[in-house]
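Asker: pasting the structure only:
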Ligand code: SF4
Ligand SMILES: [Zn+2]
Ligand SMILES: [Zn+2]
């Protein structure tokens, strides 16, 4: 790793070899005129191969997505640039952004997504003293025509009326999890249907670390956006993750045990749980051909990060030259809070990038060469990402948390010297229902891993109940496992879903329902 | 606060908070879970079979001293049936290695294990002191690392053992995972979390402490009153690794499980098939017979650079080209003695070749 000069040889733009450069991107100099097509090219190059249901299929002639588009908007730099680019390229059909090949009648010069929705999730209620920016965001979005705007709030994740509004059944009982104990027992909530804001704050206050609070809010936001995508009949959800923020989230994910999901950080496909999926006719039908063709495809939402080859500096330059009034994001802090893993990683990577300017691209490139190892055990009930099989056995073997059996005495010094000691004592295969078998490694770590010292809660005055409420989708999936009232068409999928992890948790839900009923 | 009882035995008084789990436990339970976790690591990976001759890479520092102690304890407790040796490398660093080797010599007595010391000087004709005098303090750890790796294998061959265990702990491995991602070293990233490296016909290298926290190793040594040497090398490690280490410490402070979580991440991914296909095949160095991914192994290249006064030859490609342009290898160039596998492995290797031919 050697420190280098900021730019390689000359200050003349490498593309037109004529104009004086205005920006240096990783040692290469560009002028303003050449920067625009370069950025648009990088943006299209990532997004377009993912548009058709069959990725990388023949798309010389047509981009035909299976549904509509949702832009996940945070108000930050990346998502502002993303919104601007999507609008220019696919809504306003700005001529200057068009690929030159194919001429004016090129089918690419048509609307690609019939409907484009901007979804903003306001998180201000999660932190004390944070301003509500929904109106400002709404004004920002209204600068662009023909976009739908869906403002949500983070507490919708705990809101049954929202869940109903997006066409889901709410016939499940109020259940929560005991976050005070590592075994994450599922318990009935003391209060029925707590109001969403209280539920959110109780949940956040019960989490063991600032890292857990940040990661949980990110995960809740992501799932809210996904359900919005489903509700708007969208096949694609685009996020404004830049190269820089992708590198940060990759490292931060690795530091939180999410190595199995490295791939999902840059590209993922999500389907709703078969048990909680809305009835097919509640999905709005806009008559797109692709949508009619495949019912299955429209239940799948593809998350794409079209800015993932574009660094933060390039985003900032684009925003500046295009006069985009970026609203910005507030820091997620509260009195006494120490920075979490996400914040530490961001500071570290940005600092390193100063001295070693290829850090972020190296991180992203390296992680792009990785594939998950081992079997998928199903989908995590909290974050919806694929969960690796066997993580609990791994954890138990590597960090012993209950008294292990004594060593063999001399008398039983027979053969087989190298048998491992049973890592989980029998009694731990406990009969009470727990959330643990439904969780992926990073989510389990989020809920159970503690700081060395106690952490101040963002809401110290929130009534402390040991049982924290769960997000609606988690409650719904736990609650409907037992009610096997599924249509025949869905049965096969249920069977597949069951095979995932259900052997291990057989009967858990039934038993747990008995507890609640009794 | 009233004295707490141990979270594990619920009996004795808790006297320490375990860095890895945050549990408050008693001293005896700490020893026992620490050792049992290492035992789990060993048995889960089926590292040994009865009768194996195993060398412990011993530096006199805390990691390898605790490793020697725990290996001896587990070997007796669970009847692994291993023959254990201490193997030390003398890099030739005055004021550091000379003192730490005294500790290793005492460990030899304390643990009653045969000890072999092999020096850079006798193997390469250069001490680290001499290398630093020539190249300065910039790439010294590159030289030292490459030379140590080969020296350990050669020492193992002399002891006729086919397995070396080293004291790399969880912190080291987590740090290496982060470094390899940030430097884009995909080949190393793919193998750095595996407990045991090397194939059938080479000397095995494994890390029984891969899940053991550095802090717990220190605690173990402290409570067991083990005799170890705690001074850092006088030629401080490179700046980049220093950044990674500081970052890891911050992560650990934010959430102590971060170290184990990073290792879990490293185990949960692998290099995808397209990339695997482009990786270089292993060959043997044409000059010294050691395994290598190029015609010349790293150590021979570095040594040639040192001998010819162009020490950065193996560090940068440009310098290597300059070295090549500078003319052919001089006749009288000092080289490393020919490498030979221990006798039992030589047989394996021969059969392997037959079988594939
Ligand atoms: S710090 Fe560097 S020079 Fe010192 S012993 Fe370690 S590798 Fe060798
Ligand atoms: Zn999860
Ligand atoms: Zn105890």
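Answerer: Perfect, thanks for sending it. None of the values given here were measured: they were computed from a predicted structure. Ligands and ions are numbered 1, 2, ... in the order given.

Asker: Run through the residues that contact residue B:211.
Answerer: With contacts defined as CB atoms under 8 Å, 6 or more residues apart in numbering or on different chains, residue B:211 is in contact with A:398, A:399, B:37, B:41, B:170, B:260, B:263. Placement of C-beta: from N, CA and C, glycine included.

Asker: Identify the residues contacting the second one.
Answerer: Think residue A:399. B:20, B:21, B:37, B:211, B:257, B:260.

Asker: Now the residue in the stretch 201-350 of chain B positioned nearest to ligand 1, what are its backbone angles?
Answerer: Per CB to the nearest ligand atom, residue B:233 is where the stretch 201-350 of chain B lies closest to ligand 1, at 3.1 Å. Phi and psi for residue B:233, reported as degrees, to the nearest 10, are phi -60, psi 140.

Asker: For the nearest residue to it once chain neighbours are set aside, which residues are in contact?
Answerer: Leaving aside its chain neighbours, residue B:233 sits nearest to residue B:96 (5.4 Å; criterion: CB to CB, 6 or more residues apart in numbering or on different chains). By CB under 8 Å, 6+ apart, the contact list for residue B:96 reads B:231, B:232, B:233, B:234.

Asker: just to revisit the earlier point, of the contacts of residue B:211, which belong to helices?
Answerer: A:398, B:37, B:41, B:170, B:260, B:263 (DSSP state H).

Asker: mind giving me the domain split of chain B?
Answerer: B:31-279, B:281-357 (automatic domain parsing).

Asker: And the longest one, how far out from the chain middle?
Answerer: This means domain B:31-279. In terms of CA atoms, centre = their mean, to the nearest Å, the centre of domain B:31-279 is found 3 Å from the chain centre.

Asker: try stretch A:314-334
Answerer: With CA atoms, centre = their mean, you get 21 Å for stretch A:314-334.

Asker: gap between the two ends of that stretch?
Answerer: End-to-end distance of stretch A:314-334 (CA to CA, to the nearest Å): 31 Å.

Asker: Go through the contacts of residue A:399 and name the one nearest ligand 3.
Answerer: Closest approach to ligand 3 among the contacts of residue A:399 (CB to the ion): residue B:21, at 13.0 Å.

Asker: residue contacts, the closest one?
Answerer: A:399, A:400, A:401.

Asker: Nearest to ligand 2 among those residues?
Answerer: Distance to ligand 2, by CB to the ion, is smallest for residue A:399 among these, at 19.4 Å.

Asker: Identify the single longest strand in chain B, thanks.
Answerer: strand B:83-90 (DSSP state E).

Asker: For residue 337, the count of nearby residues, please.
Answerer: With no chain named, the answer covers chain A. When neighbours are defined as other CB atoms under 10 Å in any protein chain shown, residue A:337 has 18 of them.

Asker: that's the wrong chain, I meant chain B
Answerer: A total of 11 residues lie near residue B:337 under the criterion other CB under 10 Å.

Asker: Let me see the ranges of the helices in the stretch 101-250 of chain B.
Answerer: B:120-124, B:128-135, B:140-159, B:170-183, B:186-191, B:214-223, B:239-254 (DSSP state H, counting those that start in this stretch).

Asker: where do the helices sit along the stretch 51-200 of chain A?
Answerer: Using DSSP H, counting those that start in this stretch, the helices of the stretch 51-200 of chain A run over residues A:77-86, A:134-142, A:160-165, A:196-206.

Asker: Now the spatially most central residue of chain B: closest residue in space, sequence neighbours ignored.
Answerer: For chain B, residue B:166 is the residue whose C-alpha lies nearest the centre (CA atoms, centre = their mean; 4.7 Å). Closest residue to residue B:166 apart from its sequence neighbours, by CB to CB, 6+ apart: residue B:57 at 4.3 Å.

Asker: One more: residue A:148?
Answerer: residue A:117 (4.3 Å).

Asker: Where does pLDDT dip in the chain?
Answerer: Picking chain A for this. A:1-9, A:55-61, A:99-109, A:275-298, A:410-431, A:463-464, A:480-518 (pLDDT under 70).

Asker: ah, I was thinking of chain B
Answerer: Using pLDDT under 70, chain B drops low at B:1-2, B:198-201, B:237-238, B:280, B:312-320, B:346-357.

Asker: which parts of chain B sit against ligand 1?
Answerer: Residues of chain B found near ligand 1 (CB under 6 Å from any ligand atom) are B:91, B:128, B:140, B:141, B:144, B:145, B:233, B:235, B:237.

Asker: Just give me the neighbour total for the first one.
Answerer: For residue B:91, the count of nearby residues is 24 (other CB under 10 Å).

Asker: I figured it hits residue B:146, correct?
Answerer: No: the criterion here is CB atoms under 8 Å, and residue B:91 misses it with residue B:146 at 11.7 Å.

Asker: quick one: the strands in chain A?
Answerer: A:23-25, A:28-30, A:68-73, A:116-122, A:148-153, A:175-178, A:186-188, A:234-239, A:267-270, A:301-304, A:370-372, A:376-379, A:386-388, A:467-469.

Asker: quick one: which of the helices of the stretch 101-250 of chain B is nearest ligand 2?
Answerer: Nearest to ligand 2 among the helices of the stretch 101-250 of chain B is helix B:239-254 (19.5 Å), distances taken as CB to the ion.
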